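> I'd like to go over a predicted model; first the sequence, then the structure.
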Amino acid sequence: MPFHENESCGLMALCEGHNQFSFYSPVPLVKVNVETKVVNFTAHVEVTQEFVNKEKNPIECVYFFPVEEEAAVVDFTAELEGRKVQTKIKEKEAAREEYNQAVQNKQTAFLLEETKADIFEIKVGHLSPGAGCKIKMTYLSELPVEDGKTKLTIPTTVAPRYIPLSDGSPEAKKIASIQHDFNSPVKMEMNLQVVMQTEIASIKSPSHSLTEPSKKRLQEYFEANTKFSGTNTNMDRDMIVYIDTDEPKQPKVVVERNDEGSCVAMLSFVPDFKLKDQKVEAVFLVDCSGSMSGQSMKLAKEALQVFLHSLPVKSFFNIIVFGSSFQYLFPQSKQYDDDTLKDAKESAAGISANLGGTEIYQPLQHIFQQPLMAGLARQVFVLTDGQVSNSSACIELVRKNSSNNRVFTLGIGSSADRHLVKGMARAGMGTAAFTTQGEPITAKVINQLKNGLQPCISDVTVKWGKTSPFEGGGEVVEIVETKKTLFGFGKTVKQIARKFSIQNQVPSRIPPIYDGSRLIAYKLLDTNFEKNDEITVKAKTPEGDLEVSLPICK
C-alpha cells in the first residue's frame, strides 16, 4: 500500500454515483470540542464533533474515531436532525441487523463498533440533505506517570496502517476501508480541568499551545484550568499534556460506597526501589519502513544512539532493522565494547526509512527463535510507529514467548499505534513509552533501558484487608506436588482455571512492577469492610520480598 503523512480522522459519506457506483466523499467537519477533566490519575474525556451533509441526497456516514488504547467508552450520543439519540448496548450481529434494517427503511440510525482497541467505527445512516450531525463520545482513561509527572494523551488522528499480504483478518479488512481526508478546515477547542489533592506546579504540552493555567483552592483540593485553541493543522498529531504535582508520589487506597452499601477499592501507587542490575542481551528492533520517513526516522535514530551509549559493560547486543524484510548488524549478538560500539554507531547513523512495508511479525519471530545466551536475560527493545493491521497477531506472538524474552517498546512519532506499542509491552512483561517531536527523548530511553536492566518482578500479590489472603496469581491456579519424592516434588502437577467472580481482583494478575511506573488495581470489597483497615502489596524479588501497607484514604 502507499504511504502518506498522518491524516486527520473524521466523517466520510458513502454516496451513490452513476451506474450504482459507490464512492466516499468528505462530510465537512464544522466544529470539534474536547472537554477533559483530570482527577488525580483518571481522565474523563468528552469529545464532540459537528458535521453537515452538503450533498443533494441522503447519505450514510462512516466515522472513525481514535481513543486511548486502554480507555473505557462510557457514553455515546448523536444529535441528528434536531433529535438526540442515546445508545443501547446489543450483541454485535443483532446490532448490525437492526441498523441495516433501519437504513433500508430510510430511517436515521447509527452504529458504534470497535475496529481495534484504539479505533472505533461509527455509522450514521440516512442523513438528510442539509442536515447536521453532532456526535459526542465520552471515555475514561487511567493516566500513567512519566518522569514523575502525570501524562495525559488525547488521540486525534488515525494514521494509515500497513496491511501485510498474509493478514486476511476481519480487522485488516475494516482498517483497509478507512478513508483519509487531507483537508479539514476547522477550529478545535479544548478545555482542561485538573483537580488534585496536592498543589499543581505546572501544566505543559509539547504538542500544542496551552494558555496559562488559572489556579484555585477548593477545600482539600487544588484545581487548575487551561485551554487550547488551534486550527486543523494541530489535529495531525496526538495531544499530549504533562501535569506536574506531588500526586504521583502519594500512594492511595480510595474506597467508594454506593447507595446499596457495596464498596469498591482502587489501589494506586508508584513504586520507588532499586535492585541490582541483571546482565542482559539487548536486541534493538528498529522500524525502517516507509511510514517512518521524516521526523519519525530522526527520532528513532536519536533514540538508538542513546541506547547504544548507555549500555552497561559486559552486555551483549544486536540491532535488527526491518520493513518488508529485515537485516541484522551481527549474525548473533556480540559483547559490548569499543569496537562493536563503533560498528553499531556507524551503522545506526546510516539507516533510513527505505525498507518498504511494516512487516514486524517476521523479525520478532526470528529474534524469539534464537538460542538464549548463558547467564544473560534477553531484552528486546522495539522502536516503531506501529502502523500495521496485524497488531493482535504480533501481541500474541510476544505473549507466547514472554517467558524467555522481555519486550520494551518505544512508540515513535505523532500518531504511533498505541494498541501495538502498549500491547506488545504488556504481553512481553515490559514497559511502553512514546516520543514525539518537541519532547526530550533521552530520559525516556534511559528509563526504558533502566527497566530492562531491572530483574522482572512478576510475582506481585495484594492483600485487601488485614485479615484477607493475598491474591493476584491470575486466572489459573497451579497445583504443586508437595510429596517429597524424586519424581515431581516442587513441580506443577496440574493447572485449574480460576472461576470468574465479581469479587475477583482486577486485574486478576498484577502486571510486573517497575521503579517509577504506576500500579493500579481494583477490588469489590465486602460490605463489612472497615474504614481503618489497610491494603498490603507484596512483590517477590531476587533480593527478597518487598512489601508495603497502605491505609485507606479518608
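Yes, it's here.
> all helices for the protein, in order.
Per DSSP state H, the chain carries helices over the ranges 92-104, 170-176, 295-310, 338-349, 361-369, 391-400, 418-427, 442-453.
> Mind listing what's buried along the first one?
Residues 99, 102, 103 are the ones in helix 92-104 that count as buried (16 or more other Cβ atoms under 10 Å). Backbone N, C-alpha and C define where each C-beta goes, glycine included.
> Run through who's touching that helix.
With Cβ atoms under 8 Å, 6 or more residues apart in numbering as the contact definition, helix 92-104 has outside contacts at 60, 90, 108, 109, 110, 111, 113, 123, 125, 126.
> One more pass at 10 Å, please.
Taking contacts as Cβ atoms under 10 Å, 6 or more residues apart in numbering, the residues outside helix 92-104 that touch it are 58, 60, 88-91, 107-114, 123-126.
> Mind checking which of those are in strands?
Within the contacts of helix 92-104, residues falling in strands by DSSP state E are 60, 109, 110, 111, 112, 113, 114, 123, 124, 125, 126.
> Could you tell me which residues make contact with the last one?
Residue 126 makes contact with 58-61, 80-81, 102-110 under the criterion Cβ under 10 Å, 6+ apart.
> Please indicate which of the residues you listed are buried?
Buried residues within the contacts of residue 126, counting neighbours by 16+ other Cβ under 10 Å: 58, 59, 60, 61, 80, 102, 103, 108, 109, 110.
> Now do the strands in the stretch 401-550 of the chain.
Using DSSP state E, counting those that start in this stretch, the strands of the stretch 401-550 of the chain run over residues 405-412, 432-435, 460-464, 470-471, 476-480, 492-497, 519-525, 534-541, 544-551.
> So which elements touch the last one?
What that stands for is strand 544-551. Using 3 or more Cβ pairs under 10 Å, 6 or more residues apart in numbering; DSSP states H and E as the contact definition, the elements that strand 544-551 packs against are strand 252-257, strand 263-269, strand 460-464, strand 534-541.
> residues of that strand that come out buried?
By neighbour count, and taking 16+ other Cβ under 10 Å as the criterion, the buried residues in strand 544-551 are residue 546.
> Distance from it to the middle of the chain?
Averaged C-alpha coordinates place strand 544-551 at 28 Å from its chain's average position (Cα atoms, centre = their mean, to the nearest Å).
> Direction included, what does it pair up with?
Within its sheet, and counting by DSSP bridges, strand 544-551 is paired with strand 534-541 (antiparallel).
> Could you check the angle the partner strand makes with strand 460-464?
Strand 534-541 and strand 460-464 meet at an angle of 170 degrees, taking axes from the mean of the first three to the mean of the last three Cα atoms, to 10 degrees as the criterion.
> can you list the helices and strands packed on strand 544-551 in JSON lines and add mean pLDDT?
Converted to JSON lines, the helices and strands packed on strand 544-551 look like this (pLDDT from 0 to 100):
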{"stretch": "strand 252-257", "mean pLDDT": "83"}
{"stretch": "strand 263-269", "mean pLDDT": "87"}
{"stretch": "strand 460-464", "mean pLDDT": "91"}
{"stretch": "strand 534-541", "mean pLDDT": "92"}
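> Out of these, flag the one nearest residue 344.
When the helices and strands packed on strand 544-551 are ranked by proximity to residue 344, the top entry is strand 534-541, at 31.5 Å, counting by Cβ to Cβ.
> hang on, residue 238 packs against residue 66?
Yes: counting by Cβ atoms under 10 Å, residue 238 does reach residue 66; the two are 8.1 Å apart.
> Could you report the neighbour count for residue 210?
By the other Cβ atoms under 10 Å criterion, the neighbourhood of residue 210 contains 17 residues.
> so what's it closest to, chain neighbours aside?
Take residue 210 and drop its neighbours on the chain: the residue closest to it by Cβ to Cβ, 6 or more residues apart in numbering is residue 226, 4.9 Å away.
> can you pull up the bridge partners for that neighbour?
Beta bridges link residue 226 to residue 192, judged by DSSP bridges.
> so who does it touch?
36, 190-194, 203-205, 210-215, 241.
> wait, which of the residues you listed is closest to residue 288?
For the contacts of residue 226, the residue nearest residue 288 by Cβ to Cβ is residue 205; the value is 29.5 Å.
> got a pLDDT number for the closest one?
Looking at residue 205, its pLDDT stands at 91.
> i'd like the first residue to be 520 from this point on
Taking 520 as the first residue, the last one we looked at is residue 724.
> got a list of what the nearest residue to it once chain neighbours are set aside touches?
Nearest residue to residue 724 in three dimensions, chain neighbours excluded: residue 760, at 4.8 Å (Cβ to Cβ, 6+ apart). Applying Cβ under 10 Å, 6+ apart, one finds that residue 760 lies in contact with 555, 557, 562, 662, 668-673, 709, 711, 713, 722-727, 729, 745, 747.
> Just the buried residues of the residues you listed.
Among the contacts of residue 760, those classed as buried by 16+ other Cβ under 10 Å are 555, 557, 562, 662, 668-673, 709, 711, 713, 722, 724, 726-727, 729, 745, 747.
> Mind checking which of those are in strands?
Mapping these onto strands (DSSP E) picks out 555, 557, 562, 668-673, 709, 711, 713, 722, 745, 747.
> that older thread, out of the buried ones among the contacts of residue 645, what pair is the most spread apart?
Put simply, by Cβ to Cβ the two of the buried ones among the contacts of residue 645 set farthest apart are 578 and 621, 14.7 Å from each other.
> residue ranges with poor pLDDT in the protein?
520-548, 600, 676-706, 748-755, 908, 992-1022, 1046-1047, 1073 (pLDDT under 70).
> If we use 50, what do you get?
520-528, 535-542, 678-684, 686, 691-704, 752, 994, 1017, 1019 (pLDDT under 50).
> Can you give me the neighbour number for the residue nearest to residue 887 when sequence neighbours are not counted?
Among residues not flanking residue 887 along the chain, residue 920 sits closest, at 4.2 Å (Cβ to Cβ, 6+ apart). Around residue 920 there are 20 other residues, counting by other Cβ under 10 Å.
> related to what we said a few turns ago, hey, which of the helices of the chain is tucked in deepest?
Sort the helices of the chain by mean neighbour count, taking mean count of other Cβ atoms under 10 Å, and helix 937-946 sits at the top with a mean of 24.
> Send me it as CSV with only the CA atoms.
Provided in CSV are the C-alpha atoms of helix 937-946 (Å, rounded to 0.1, in the frame of the first residue of the first chain):
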residue,chain,number,x,y,z
ARG,A,937,-0.9,2.8,20.8
HIS,A,938,-2.6,-0.7,20.7
LEU,A,939,0.5,-2.3,19.2
VAL,A,940,3.1,-0.4,21.3
LYS,A,941,1.3,-0.8,24.6
GLY,A,942,0.0,-4.3,23.8
MET,A,943,3.4,-5.8,23.0
ALA,A,944,5.0,-4.3,26.1
ARG,A,945,2.1,-5.6,28.2
ALA,A,946,2.3,-9.1,26.7
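> Check the offset of it from the chain's centre.
Shown here is helix 937-946, whose average C-alpha point lies 6 Å from the average C-alpha point of the whole chain (Cα atoms, centre = their mean).
> can you check stretch 605-615 too?
Between the mean C-alpha location of stretch 605-615 and the chain-wide mean there is a distance of 26 Å, by Cα atoms, centre = their mean.
> how long is that stretch end to end?
17 Å (Cα to Cα, to the nearest Å).
> With stretch 756-771 instead?
With Cα to Cα as the measure, stretch 756-771 spans 33 Å from end to end.
> buried sites along stretch 866-879?
Across stretch 866-879, burial judged by 16+ other Cβ under 10 Å covers 866, 867, 870, 872, 874, 876, 877, 878, 879.
> now do stretch 950-964
For stretch 950-964, burial by neighbour count (16+ other Cβ under 10 Å) applies to 950, 951, 952, 953, 954, 955, 960, 963, 964.
> Output these as JSON lines; include the columns distance to residue 988.
JSON lines is the format used below for these (distance: Cβ to Cβ, whole Å):
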{"residue": "950", "distance to residue 988": "29"}
{"residue": "951", "distance to residue 988": "32"}
{"residue": "952", "distance to residue 988": "35"}
{"residue": "953", "distance to residue 988": "38"}
{"residue": "954", "distance to residue 988": "42"}
{"residue": "955", "distance to residue 988": "44"}
{"residue": "960", "distance to residue 988": "44"}
{"residue": "963", "distance to residue 988": "38"}
{"residue": "964", "distance to residue 988": "40"}
